[in-house]
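A.B. asks: got a predicted structure here, sequence first:
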Amino acid sequence: MTEPSIFHLLTEVYSLHLAVTEQDIESVKQVRKEALLPAYQTYADIEDESAFLYNRDDEQSFIYLLQHNATQKYVGTIRVFFVNDATPIQKIPMQIYGHVKEIESYVAEHPVCEVSRLALSGSIEPYEGLSGLRLRTYLTVGLMSAIGINAFLYPCNSIFAIMEPALYRILKRQGIDFEPVGPAVEYYGKRIPHMIGRKDLIFGSKEILGEITLHYLSKLCQDPDRFWAFVDRHPYLDRSNMHLSKICQCFEKATQPVSIPSLYIGT
């Protein structure tokens, strides 16, 4: 499958949205219930299903949804949890639940983020020319583009993820080279804690992942109201900490195609 075809798949056939409304949150819960709950239950008993599907960590997060546009069905979700000086939770999930102890020095400088709760539905509409496995790999890339989008919008110093080797390999092929920061831990299966600096993440977003990131940032600039409504309602975020306005100015002033480096704004 060519890169233009992948781009079409992940921007026209499917689209990525920030979860803003109560209805969006219900969709997040539904995807997690279908895709995450059964998988996690194979490793541990989930005593409180409601809290598993949505909890206080989610109140301290940007959550994204992947939608199949023809059916309007949400098929995937991913969360970018953040810690800043105002947040009530001052540790990232891998410290709290995964008991990862080797990262204290890395998380000391706020804000920091952790990517987690990636979920992809088991019932995906077939796509001509792609096997089910290949389609799921591309949709995973689409979901993971939320990391780059969020890194542009909200200047976390470092982004963390506790992930299986397969996901690490998918990201590495897209230029996103997370660094292991500790040994494998038992966290709903064997997973390895990783981190990447914000600048390394942004400048590593090349080829198709970079194009998808640029597409959604441009689209957000065309209709920023939902994003600003999310920020304004959020108790731990402030417009002054967001880079969207400066990014949109770059798009408006551009006399040639906008590139990833041209949009980078330091912390």
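C.D. replies: Perfect, thanks for sending it.

A.B. asks: contacts and neighbour counts: CA atoms only from here.
C.D. replies: Will do.

A.B. asks: who touches stretch 210-221?
C.D. replies: Identification of contacts with stretch 210-221 by CA atoms under 8 Å, 6 or more residues apart in numbering yields 7, 10-11, 16, 142, 145-146, 148-149, 227, 244-245, 247-248, 251, 258-260.

A.B. asks: ok, now stretch 65-79?
C.D. replies: 12-19, 24, 27-28, 31-32, 58, 61-64, 115-121, 123-124, 142-144, 146.

A.B. asks: okay, and the residue nearest to V20 when sequence neighbours are not counted sits in which element?
C.D. replies: Leaving aside its chain neighbours, V20 sits nearest to F230 (5.8 Å; criterion: CA to CA, 6 or more residues apart in numbering). With elements taken from DSSP states H and E, the one containing F230 is helix 225-233.

A.B. asks: list the contacts of Y188.
C.D. replies: Under the criterion of CA under 8 Å, 6+ apart, the neighbours of Y188 are 40, 43-44.

A.B. asks: taking those one by one, which sit in helices?
C.D. replies: Y40 (DSSP state H).

A.B. asks: for the contacts of Y188, which one is nearest H234?
C.D. replies: Closest approach between the contacts of Y188 and H234, by CA to CA: Y40, at 29.1 Å.

A.B. asks: and the strands in the stretch 51-200 of the chain, which stretches?
C.D. replies: For the stretch 51-200 of the chain, the strands defined by DSSP state E, counting those that start in this stretch occupy 61-68, 73-83, 112-120, 158-163, 179-180, 185-186, 190-197.

A.B. asks: give me the sheet partners of the last one and which way each runs.
C.D. replies: Strands flanking strand 190-197 in the sheet, each with its direction: strand 158-163 (antiparallel), strand 179-180 (antiparallel), strand 185-186 (antiparallel) (DSSP bridges).

A.B. asks: looking at the ones you listed, which is buried most?
C.D. replies: A comparison of these by mean neighbour count, using mean count of other CA atoms under 10 Å, puts strand 158-163 on top with a mean of 24.
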